[in-house]
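Colleague: My questions are about this predicted structure, shown below with the sequence.
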Amino acid sequence: MFYVALRILLYDKVRSFITLLGVVFAVSLIFAQMGIYLGLMEMSSVIIDNTPGDIWVTSKNSKNFDFSQPFPEYIYQQVLSVEGVQRAEKLIIAWSMIKQKEGGMEQIEMVGYDPDTGVGGPWKMKVGDSRDVKNGNFAIVDESAMRRLGNIKVGDYREVFFRRLQIVGISEGIRSFTTAPIIFTSYKLVQGLLGWIGPDNTVFVIAKVSPGNSVNSIVQKLKQRLKGVDVYSRDDFSRKTRLYWTIETGVGFAFLLTILISFLIGMLIIGQTIYNSTVEHIKEFGTLKAMGANNTDIYRIIFSQALINALFGYLISLVITLISVPIYEATDLVMVVRWWTNLIVLGLALVMCLSSAFVSIRKIKRIDPAILFRG
């Protein structure tokens with residue numbers, strides 16, 4: 001039956017080609033929307049996911065990573081005093097303004113970390129070392145900021161809140177979901193530079209759990225001990241940040257709607273093509289019935305046509321997607337392709353194509369072999 005379905009598709013090459021293009025368009029759009037969404041979500045929690053630490057202590061009712069508020073620095077000592085906490089580090093995330101070399105201001109997101117431990121700082125350097133921000137007005141800029149801040153080189157100076165900072169390193173792979181350039185510098189410098197934070201406040205405390213202790217059990221201990229702050233495991237805080245951008249900003253709904261529309265378009269294209277093909281070959285199907293074939297045999301032919309379109313459309317779309325990844329990166333977008341997303345898209349393609357075949361099946365049910373003897 002698979003061979004018969006293939007022969008039917010090859011009989012009208014133009015129509016089959018147009019159908020395949022429709023499937024490729026729909027599946028490629030689904031790939032793109034899923035990939036870009038996952039890329040945006042990875043960007044939204046990139047520092048959380050790449051910072052060595054098991055537990056994040058944040059301000060009370062903090063909605064996500066980028067908009068956490070300061071809390072008293074003594075919380076850091078309380079975290080260290082809890083049994084099962086191996087070590088802890090303070091981290092500041094704050095919004096600021098940087099003066100461009102040619103004039104004008106640009107909003108940036110500053111990350112203040114301890115250069116001695118590197119916790120919360122850049123984990124992948126293109127030029128320089130993450131410890132170079134120590135003991136001075138020094139900063140590290142991620143290479144993704146070049147589009148917004150210009151071609152910054154090591155040794156250049158930029159003014160942040162009337163303080164001249166020297167660029168001592170270029171990091172890579174640290175893009176912000178908010179599109180604001182990320183600037184890394186020392187914890188003490190940010191604390192003194194941004195007066196609204198206060199000299200005795202921090203924004204995050206990141207704790208490492210001692211071997212042999214459960215992260216969840218230490219989270220519960222900290223929740224009981226600490227007042228006025230929230231405590232999350234790293235995975236929970238990452239998930240909370242991603243859900244905030246997905247749900248509260250409408251980003252998730254927008255991507256879901258586009259995927260749904262692509263799915264429906266693919267169903268309409270394939271359904272229309274297979275239905276027209278079924279109508280055109282109605283006498284041939286009637287002949288098969290007259291020769292002893294039952295409805296199930298005919299159904300297999302129709303489903304085989306849908307399956308062929310789904311598999312070929314999916315494979316072509318996957319190749320197009322893989323080729324497109326560096327193109328998206330060149331435009332400061334990140335498209336993520338994972339093996340499990342490939343399986344999900346394959347499943348959607350199969351459901352899309354096989355579901356569209358049901359319209360033709362209803363037509364086949366009513367075929368009377370006597371159609372062969374009618375004029």
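Modeller: Thanks, I have the structure now.

Colleague: V119 contacts G112, correct?
Modeller: No - using C-beta atoms under 8 Å, V119 is not in contact with G112, being 11.5 Å away. To be clear about C-beta, it is placed using only N, CA and C from the backbone, and glycine gets the same treatment.

Colleague: between those two, who's got more neighbours?
Modeller: G112 (28 against 20; other C-beta atoms under 10 Å).

Colleague: what secondary structure does that one sit in?
Modeller: The three-state label given to G112 by DSSP: H, G, I helix; E, B strand; the rest coil is strand.

Colleague: cool, and V351?
Modeller: helix.

Colleague: State the distance from it to F312.
Modeller: 16 Å (C-beta to C-beta, to the nearest Å).

Colleague: And for Y299?
Modeller: Counting by C-beta to C-beta, the gap from Y299 to F312 is 21 Å.

Colleague: likewise Q272?
Modeller: 18 Å.

Colleague: secondary structure element for the closest residue to G192 other than its chain neighbours?
Modeller: Once flanking residues are discounted, G192 sits nearest to P199: 7.1 Å by C-beta to C-beta, 6 or more residues apart in numbering. Using DSSP states H and E, P199 is not contained in any helix or strand.

Colleague: Just give me the neighbour total for P199.
Modeller: By other C-beta under 10 Å, neighbour count at P199 equals 9.

Colleague: swap in the one 3 residues further on?
Modeller: Summarising burial for T202: neighbours were counted as other C-beta under 10 Å, giving 23.

Colleague: so what's it up against?
Modeller: The contact partners of T202, by C-beta atoms under 8 Å, 6 or more residues apart in numbering, come to 70-73, 75-76, 90-92, 191.

Colleague: mind running it again at 10 Å?
Modeller: 57, 59, 70-76, 89-92, 112, 187, 191 (C-beta atoms under 10 Å, 6 or more residues apart in numbering).

Colleague: just the buried members of the residues you listed?
Modeller: By neighbour count, with 16 or more other C-beta atoms under 10 Å, the contacts of T202 hold 57, 59, 70-71, 75-76, 89-92, 112, 187, 191 as buried.

Colleague: between the residues you listed, which is closest to K134?
Modeller: Y187 (10.2 Å; C-beta to C-beta).

Colleague: do you know how far that closest one is from V133?
Modeller: 9 Å.

Colleague: Overlap in contacts, those two.
Modeller: Joint contacts of Y187 and V133 (C-beta under 10 Å, 6+ apart) are 112-115, 121.

Colleague: Let me see the contact set for the residue nearest to T117 when sequence neighbours are not counted.
Modeller: Sequence neighbours aside, E89 is the residue nearest to T117 in space, at 5.8 Å (criterion: C-beta to C-beta, 6+ apart). Taking C-beta under 10 Å, 6+ apart, we find E89 in contact with 51-53, 76, 79, 113-114, 116-121, 187, 202, 204-208.

Colleague: Domain-wise, how is this structure divided?
Modeller: Residue ranges for the domains of the chain, per automatic domain parsing: 2-43+250-373, 61-227.

Colleague: Out of those domains, which gets nearest to D236?
Modeller: The nearest among those, by C-beta to C-beta, is domain 61-227 at 8.1 Å.

Colleague: Need the distance between the two termini of the closest one.
Modeller: Taking C-alpha to C-alpha, to the nearest Å, domain 61-227 runs 12 Å from one end to the other.

Colleague: Likewise for stretch 61-78?
Modeller: First residue to last in stretch 61-78 (C-alpha to C-alpha) measures 19 Å.

Colleague: chain center to that stretch: distance?
Modeller: 26 Å (C-alpha atoms, centre = their mean, to the nearest Å).

Colleague: what comes up buried for the longest helix belonging to the chain?
Modeller: The longest helix of the chain (DSSP state H) is helix 295-330. Across helix 295-330, burial judged by 16+ other C-beta under 10 Å covers 297-310, 312-314, 316-318, 321, 324-325, 328.
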